[in-house]
Structures are given as C-alpha cells and as structure tokens.
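Trainee: Fold the following, please.
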Amino acid sequence: MPKGNLIADIVVLGAGPAGCFAAMGAKEKDPGARVVIIEKHAKPRYRIGEALLTGTIMTLDEIGIADEMAAMGFHRKIGAAYIWGKSRDPWYVNYPDAVEHYPASFTGESGRYSIHVPRDIFDRKLRDIARNRGVEIIIGHPETICKSADGSKVISATLSTGCRVMGKYWIDATGQNAVLASKVTQRNPVGAKRVATFAYLDNLDWNRAHDNGLHINRTNIISSKMGWIWAIHLGEAGWNLTSLGFVTSPADAKHLRFDNIHEYFPELALFGIQDGLKNPKTPLGEPTDKWQYHPEYSHACEQLHGDNWAAVGDAALFLDPILSQGVTLACHYGLLRGRAAVAHLAGDTEAQSIVTGFYRREAAVLHQVVSEWYDNNRSVSDWKLSSVVAGVDHFGREMDADEAFRWVTNIENVRSEYGPYPAVEQNKINQRLGVSDNRIQHRNRSTNGRAGE
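Mentor: Below is the predicted model of the structure:
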C-alpha cells in the first residue's frame, strides 16, 4: 500500500464499471499516462445492476474485452418480459437476429444476446482487465479532498491509509456516495423517492413462471400497485440463484417482510409464491433473514464536469432501474470520460463538455420513457409511442414502436453520430432533470460516440 505522496495524471475514484471503463478509456487514449483508481473495498460488493443490456455489450466490444467477458459463462439474456399496462398480458423486448457493430462472441444460433451477471464477479473481472492494461488500483478511501482556493479545481485527496494522491484530472465514479461530486456540485432528486428491497432464491418456480409468460432467459419486470418487481436469473455463474427485487416508496418498504411480501405484491403468484418467500439467500447463496437494500437512488448532479474533474455513473446521475440502463450508462460514459480526460490534459477544453451534452440528452430521453411507466398503467402502445417520439425528437431517427422501444431503452443509440444540439433544447433537458447548469458547450461536429478525438 503506497504511503507518502503519489502523483498521477488521471485519478479515478471508484473501481466499479464506470471507474474501470474511465481508467481503461484513458489508458487507451494515452498508454503512457499514469492512471490510478482509488477504491474503498478490496473485494467487489454485491449490488443491483445484474441485467446487462445490448448497449453494455457494445461498449465491452468497443474497448476490446467482449470475448473475455463472453468466456466467463454468464447467463444468457435474450431480451425482457414486461407485465405493465391496462392488460396484464406479458409483452416482450426481443433482440433481433442481426445488427451492425455487435460482437460475434455474443451472437448465437438464435441471434444476439446479452447477459445476467453476479455483479461481484463481473466487477472483479473488470478490475483485473484494467490492471492488465496498466491501470493502478489503490485500496483506500479519500478522507479529505483538497481544492484550489477558488474551489474550481481538485488538487489532491488524502486517503485513510495516510497516502496523499495528487492528480491533474479527477473522475468521480463512486456511485451513490458521490465522494467528489457531492463536494463540488449540487445533487438534486429526480422524481418521486423510491428504494429497492431484494433477496435471492434458489427455489423460484420457473416452470410456473414460463406458463405465465415469463422466462428464465429474460429480465422480467412486473408492475404492481405498490411499485414493481424484477426477477433476474443468474445461471450457473451465479449459483443458480434468482435476484428477486421490489421497488416501492421508502415508507412502504418499511413494511415488507419475507413472510408478508405476497400481500403487498400479489403478482408473485405468477411464480407460485402465495405465502411469502421461503429460504431467502444472500448473493452467495447463504441463508439470510435480512433483505438486501438499495437506498433512494433517483438524482442528477447540476454539473457533470468542472475545470479538472468529471462525474460518471451513479455519481453523476441515475434515474430508475426499470429498464436496466444503469450499468450501460456507467460503462459507455465512463469510457468517454476517460478519453475526454486525456484530451483535456492535451489542451482540448471542450472534450468533457461534449460528453456532458451527450450524457444529459441520454438522461432526458430515458426520463421521458421512464416517466410513462409510473403514469397510471396506460396501454402498452402508448408507452412505446413515447419511445418513437423520443427517437425522432432527440436523435432524428424514425422507427416503428417495437424497434424504437428496444433501441432507446437498450441505449443502442450510443453508437449513433450526434450532431449539433440547440442550446434551447439543452435547457429543456436541464429543467426536466431539475438542474440549473446551462453552461454546457456543444461543438458542431459528429463524434461517433467518442469525445476528444
């Protein structure tokens, strides 16, 4: 463990997907740069974000690690099953047989697929890959962060180990803790307060679920009067456990117990659960009498970057896990943040502004689609129509309802060319997300999803 002073070109706080991709993006852009990740936990932790999207796979491919991840043997995901709307019939998001720029290692006889992952295993693999690419990972927690006299720049961080780390550029990828972002900008809630309560089961009746239109190789999302349910099977790589989660208000979550959960979420009968959860497990498959819990999560930072810092992943913004975009946003924009940090140090002062503009627009589209979910269970066609409108309004792309919903919610648009974006539209985005940072700059050029190149 280093002591004394450590000087780096780029310092990344947090070794989750956002942090690892930011570090790898920086090393890709400048192999000679000293890139350091500071991570509090020596071993990756268990967390939500287990259902990865096609957009995540495309980012794995872009950085050149799709084949390594495919070899891990994670559970295949062929799409999503939803029960939402006036009709309680299941409906599906399917991945088409062929699409441009999708890795062969994630394409089988029946078409392309994504994966369900135990996050500790997935995150540990990302750390190993980052180390192999020359990224230094230091275990410690920033106890103090030193800024310039005017507060515009980050100078150093003193870790719990006593080491003082100095960096030219800083990227906050510390998730909900937002260790750096909480000190340099304001974080505002987006929408109503919601929390996630979840557990793991090895006895879920998937035969019953299949009879009711749900599927072990899909991410299953079911709306309820109390909120909504997810059911994500983790396959052999995840000890054949199923992640079963419940999203509701903080007040309602206090009443949920293993023995009464069916009373609050009667839709569990679709899995044959009518008298509570039996033998709930920890993510390691050990018996437990306690829920896993994720605190209030919907928020956005007023600034996503500053003079020599940027935020990414949950430290920047997060809306809702309904559509599973959290890890995709973390990976893709982590990669862009890392590249843009190198570009910034080389004199391109607009690089991070461009990434922030993309990020804000992405969040606005997702907010528009997510908001429909909580709007009184209207018709499925109405919800999908909002994706069609979003595709046209924000990206100028006309699609049919099914294609638009998949394309927007799986964030496959991350590989599209972004043209110039009017400031007046960016202001609307900021208002929708409850932020007041109108200083985002845009450059009249296409980037193919890359910044600072």
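
Trainee: Give me the helices and strands touching the longest helix seen in the chain, please.
Mentor: Looking across the chain with DSSP state H, the single longest helix is helix 351-373. Helices and strands touching helix 351-373, by 3 or more Cβ pairs under 8 Å, 6 or more residues apart in numbering; DSSP states H and E, are strand 309-311, helix 326-345, helix 380-395, helix 401-409, helix 423-432. All C-beta atoms are positioned from the backbone trio N, CA, C, and that covers glycine.

Trainee: so where do the helices sit in this protein?
Mentor: Counting by DSSP H, the helices of the chain are 17-29, 54-62, 66-70, 119-132, 181-184, 206-211, 250-253, 261-264, 326-345, 351-373, 380-395, 401-409, 423-432.

Trainee: and these as a markdown table, adding mean pLDDT, mean neighbour count and distance to Asp314?
Mentor: Output for the helices of the chain, formatted as a markdown table (pLDDT from 0 to 100; neighbours: other Cβ atoms under 10 Å; distance: least, Cβ to Cβ, whole Å):
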| stretch | mean pLDDT | mean neighbour count | distance to Asp314 |
| --- | --- | --- | --- |
| helix 17-29 | 98 | 29 | 8 |
| helix 54-62 | 94 | 25 | 15 |
| helix 66-70 | 97 | 18 | 21 |
| helix 119-132 | 97 | 19 | 13 |
| helix 181-184 | 94 | 20 | 10 |
| helix 206-211 | 97 | 14 | 30 |
| helix 250-253 | 96 | 14 | 18 |
| helix 261-264 | 97 | 18 | 26 |
| helix 326-345 | 96 | 29 | 7 |
| helix 351-373 | 87 | 23 | 12 |
| helix 380-395 | 78 | 18 | 22 |
| helix 401-409 | 82 | 22 | 18 |
| helix 423-432 | 60 | 14 | 19 |
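
Trainee: Let me know which of the ones you listed is the nearest to Arg218.
Mentor: helix 206-211 (9.9 Å; Cβ to Cβ).

Trainee: Need the residues that contact that closest one.
Mentor: Leu214, His215, Ile216, Asn220, Ala231, His233, Thr242, Leu270, Phe271, Gly272 (Cβ atoms under 8 Å, 6 or more residues apart in numbering).

Trainee: Which strand residues bridge the closest residue to the second one other than its chain neighbours?
Mentor: In space, not counting the residues next to it along the chain, His215 is nearest to Ala81; the distance is 5.6 Å by Cβ to Cβ, 6 or more residues apart in numbering. The partner list for Ala81 in beta bridges (DSSP bridges) reads Tyr92, Asn220.

Trainee: wait, doesn't Ala81 sit right on Asn217?
Mentor: No: counting by Cβ atoms under 8 Å, Asn217 is not a contact partner of Ala81; they are 9.7 Å apart.

Trainee: now Leu345: how far from Ser386?
Mentor: Separation of Leu345 from Ser386 (Cβ to Cβ, to the nearest Å): 40 Å.

Trainee: Revised request: answer the last question for Gly326.
Mentor: Distance, Gly326 to Ser386, using Cβ to Cβ: 20 Å.

Trainee: What of Thr107?
Mentor: Counting by Cβ to Cβ, the gap from Thr107 to Ser386 is 30 Å.

Trainee: Could you do Ala26 as well?
Mentor: From Ala26 to Ser386 the distance is 36 Å (Cβ to Cβ).

Trainee: try Pro189
Mentor: Taking Cβ to Cβ, one finds Pro189 at 22 Å from Ser386.

Trainee: close enough to count as contact, Gly55 and Glu412?
Mentor: Yes: taking contacts as Cβ under 8 Å, Gly55 lies within contact range of Glu412: 5.5 Å.

Trainee: if I look at those two, which residues touch both of them?
Mentor: Common contacts of Gly55 and Glu412 (Cβ under 8 Å, 6+ apart): none found.

Trainee: For Val12, list the residues it contacts.
Mentor: Gly19, Ala22, Ala23, Ala26, Val35, Val36, Ile37, Ile38, Trp170, Ile171, Ala173, Gly338 are the contacts of Val12 under Cβ under 8 Å, 6+ apart.

Trainee: got a markdown table for those, with distance to Phe318 too?
Mentor: What follows is these, written out as a markdown table (distance: Cβ to Cβ, whole Å):
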| residue | distance to Phe318 |
| --- | --- |
| Gly19 | 15 |
| Ala22 | 16 |
| Ala23 | 20 |
| Ala26 | 23 |
| Val35 | 24 |
| Val36 | 25 |
| Ile37 | 20 |
| Ile38 | 21 |
| Trp170 | 20 |
| Ile171 | 16 |
| Ala173 | 12 |
| Gly338 | 19 |
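
Trainee: Could I get the contacting residues of the residue nearest in space to the middle of the chain?
Mentor: Residue closest to the mean C-alpha point of the chain, counted by Cα atoms, centre = their mean, is Gly326 at 1.7 Å. Shown in contact with Gly326 (Cβ under 8 Å, 6+ apart): Ile48, Gly49, Gly313, Asp314, Phe318.

Trainee: top of these by neighbour count?
Mentor: Using other Cβ atoms under 10 Å as the neighbour criterion, Gly313 leads these with 30 neighbours.

Trainee: Please name the nearest non-neighbouring residue to that residue.
Mentor: In space, Gly313 is closest to Ala18, 2.9 Å off (Cβ to Cβ, 6+ apart).

Trainee: No more questions from me, cheers.
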